[in-house]
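Asker: Can you look at this prediction? I've put the sequence above it.
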Amino acid sequence: MSTAADIDERFLCQAEHRARQRGRTLKYDDIGDGLMALRKEAWDKYDLRALWSVRGDATLSAMRGVARALRLNGDLEAAYLAAAILREVERRSGNAAR
């Protein structure tokens, strides 16, 4: 498990900013660069619009929650982003459709 200080600077996003404001510590697993990039895109585009009720952890489980919130609270572009996140989560977890 990593900390925000261990995360590549290019993947830092609004999730870290919000956690810092609220005095929270986020969880980080090795979810890969692709999913970290999707996480950054989601948080930087949809933070308060769609992800207001979601923790900013960088774990597979948390990313499923991000995708769900994007689908429920976001626009059509957010739904496409949610689908991309879920594809990457499934690929990383070994449950990808064959």
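Answerer: Noted; the coordinates are in hand.

Asker: lowest average confidence, helix or strand, in this protein?
Answerer: Using mean pLDDT, DSSP states H and E, the weakest-scoring helix or strand in the chain turns out to be helix 14-22, at a mean of 94.

Asker: C-terminal to that one, which secondary structure element comes first?
Answerer: Scanning the chain past helix 14-22 towards its C-terminal end, the next helix or strand to appear is helix 32-50 (assignment: DSSP states H and E).

Asker: Taking the centroid of the chain, which residue is nearest it?
Answerer: Relative to the mean C-alpha position of the chain, the nearest C-alpha, by Cα atoms, centre = their mean, is the one of R39, at 3.3 Å.

Asker: so what's it closest to, chain neighbours aside?
Answerer: If you skip the residues right next to it in sequence, R39 has A58 as its closest partner in space, 5.9 Å away by Cβ to Cβ, 6 or more residues apart in numbering. Quick note: C-beta positions are derived from backbone N, CA and C, even for glycine.
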